[in-house]
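S.K.: A structural model of the following input is requested.
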Amino acid sequence: MPIVGANRSPRFQRGGALADQRAMYIEREADGALLAALEVGDYCLVFAPRQVGKSSLRVRAAEALRERGVNTAFVDLSAVGAEARAEDWYFSVTREIAASLGLAGEVSGFWDMLGERETPALQLRRFMAEVVLERVSGPVVVFVDETDVTLSLPFSRDDFFAAIRAMFNLRAEDEQWQRLSFCLFGVMTRDDLVEDWERTPFNIECTEIRLRDFSRREMEGFVPGLQAVEDQWGPAVVEAVLDAVHGWTAGHPALSQRLLAAVVDAGVEEGREQALVDELVAELFLERGRELDPVLGDTARRFGRDRSGDLLPRMLEIYERLLRGERVAANGRALGANGMQLLSRLRVAGLVGETEDGNLEVRSRIVAQVFDLEWTHSVATERLL
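M.R.: Residues are numbered from 1 along each chain as shown. Alright, predicted model coming up:
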């Protein structure tokens with residue numbers, strides 16, 4: 001039976017950014033690292049799997065920066081879309097940045113003034129120089145979310161990231177550019193920032209932020225959401241629930257919150273904590289997780305899209321070794337050619353984590369059962385069809 005009084009507890013989030021004021025947010029090392037890097041003007045990359053807290057991290061970093069007098073702008077590339085012409089897409093990106101800084105009225109006139117004499121990417125760069133840095137005093141941080149949308153653009157994404165790279169490089173020539181920094185969020189790897197490898201790579205100095213899953217100790221931050229459980233059964237039952245949940249999710253933020261929400265909804269009894277969590281895991285994730293769960297579904301779709309990729313067989317080989325219990329160093333060099341690229345793609349796909357002693361591991365018990373050896377064999381077979 002559901003826990004009496006559960007509706008008064010802080011709420012577990014079932015997906016997406018934490019918008020509900022009663023939703024719980026657990027700070028991680030990444031929170032402090034990102035804020036510290038942005039405060040000193042670093043360009044930052046936050047590339048990680050879906051629903052691991054990227055958007056919530058961004059929201060809190062932006063709030064903290066504004067409290068410190070830093071101007072922040074935000075553009076969600078998923079809202080801009082991927083179907084537009086290049087000219088329209090860059091105009092929309094520029095307008096979103098400008099609107100965040102109170103400069104929305106400046107975009108159309110500036111864009112019309114340049115006309116078709118310059119490329120859209122150069123128009124964006126000139127707007128940042130001639131409008132943003134001229135009209136806005138103090139440091140400016142531009143948060144760009146859902147950068148993986150650029151992977152589906154009908155035109156090359158290279159010009160967009162080349163424009164960001166150029167703005168960074170201009171810091172060496174004009175100190176005004178030192179006031180501007182970009183922070184990119186997405187489900188992609190650094191290698192994805194370049195489509196045409198004949199062009200200059202995205203080789204600027206960036207701070208790359210790793211979002212790790214919650215440790216068992218960090219999951220104590222979820223205790224307030226289980227207040228009704230504690231009131232009814234005592235703290236030992238709460239700890240048993242958290243043990244059982246972490247045993248399955250290994251601290252994955254979204255899967256942990258969804259599972260804890262289900263525990264509260266279903267109700268738990270002393271002595272049945274593990275049994276209840278096992279039942280809920282089977283229902284929510286194991287039976288049809290690849291089809292119905294957004295986190296697991298994204299991993300499955302990612303391998304579907306990448307079936308023709310040259311790296312896929314080696315990714316599956318490394319992952320199969322982990323499923324069999326082999327030790328694999330979390331070191332790109334140890335993986336041979338393209339090792340860092342392989343490692344980045346496995347992480348972004350949500351399949352692997354890292355042990356404290358520097359080895360790779362299957363990300364969680366849920367991942368191991370949903371994406372088992374039977375699944376890897378089916379992916380490899382379908383790739384050959």
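S.K.: what are the structural domain limits within this protein?
M.R.: What automatic domain parsing lists as the domains of the chain is 6-21+214-287, 29-208, 291-384.
S.K.: mean confidence score for the first one?
M.R.: In this case it means domain 6-21+214-287. The pLDDT scores in domain 6-21+214-287 average 90.
S.K.: one more: the last one?
M.R.: Across domain 291-384, the average pLDDT comes to 88.
S.K.: now the helices for the stretch 51-200 of the chain?
M.R.: Assigned by DSSP state H, counting those that start in this stretch, the helices in the stretch 51-200 of the chain fall at 54-67, 77-80, 86-100, 107-114, 120-127, 133-135, 158-169.
S.K.: and those helices, which one's lowest on average pLDDT?
M.R.: helix 107-114 (a mean of 86).
S.K.: please enumerate residues in contact with that helix?
M.R.: By CB atoms under 8 Å, 6 or more residues apart in numbering, the list of residues contacting helix 107-114 from outside reads Phe91, Thr94, Arg95, Ala98, Gln123, Arg126, Phe127, Glu130, Val131. The C-beta positions use only the backbone N, C-alpha and C, and glycine is treated the same way.
S.K.: by neighbours, which of those residues wins?
M.R.: Thr94 (26 neighbours; other CB atoms under 10 Å).
S.K.: restrict stretch 31-47 to CA atoms and write it as CSV.
M.R.: What follows is stretch 31-47, C-alpha atoms only, in CSV (Å, rounded to 0.1, in the frame of the first residue of the first chain):
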residue,chain,number,x,y,z
ASP,A,31,28.9,21.4,-9.8
GLY,A,32,31.9,23.0,-8.1
ALA,A,33,34.2,22.2,-11.1
LEU,A,34,31.9,23.8,-13.7
LEU,A,35,31.2,26.9,-11.6
ALA,A,36,34.9,27.4,-10.9
ALA,A,37,35.9,27.0,-14.5
LEU,A,38,33.2,29.4,-15.8
GLU,A,39,34.1,32.0,-13.1
VAL,A,40,37.6,32.3,-14.5
GLY,A,41,36.3,32.5,-18.1
ASP,A,42,37.1,29.0,-19.3
TYR,A,43,35.2,27.4,-22.2
CYS,A,44,33.6,24.2,-21.0
LEU,A,45,32.2,21.0,-22.5
VAL,A,46,29.7,18.9,-20.6
PHE,A,47,29.1,15.8,-22.8
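S.K.: just the mean pLDDT for that stretch, thanks.
M.R.: Rounded mean pLDDT across stretch 31-47 is 97.
S.K.: run through the bridge partners of Val141.
M.R.: In this entry, Val141 is beta-bridged to Thr72, Ser181, by DSSP bridges.
S.K.: that one against Arg66, yeah?
M.R.: No - with contact defined as CB atoms under 8 Å, Val141 does not reach Arg66; the gap is 9.5 Å.
S.K.: the two: which has the busier surroundings?
M.R.: Val141 (24 against 12).
S.K.: ok, now how distant is that one from Cys206?
M.R.: Separation of Val141 from Cys206 (CB to CB, to the nearest Å) stands at 13 Å.
S.K.: kindly report the same for Pro253.
M.R.: 23 Å.
S.K.: so which of these two has more stuff around it?
M.R.: Between Pro253 and Cys206, Pro253 has the larger neighbour count (other CB under 10 Å), namely 24 against 21.
S.K.: apart from its neighbours in sequence, what residue is nearest that one?
M.R.: Distances taken as CB to CB, 6 or more residues apart in numbering place Gly53 nearest to Pro253, at 4.9 Å, with adjacent residues excluded.
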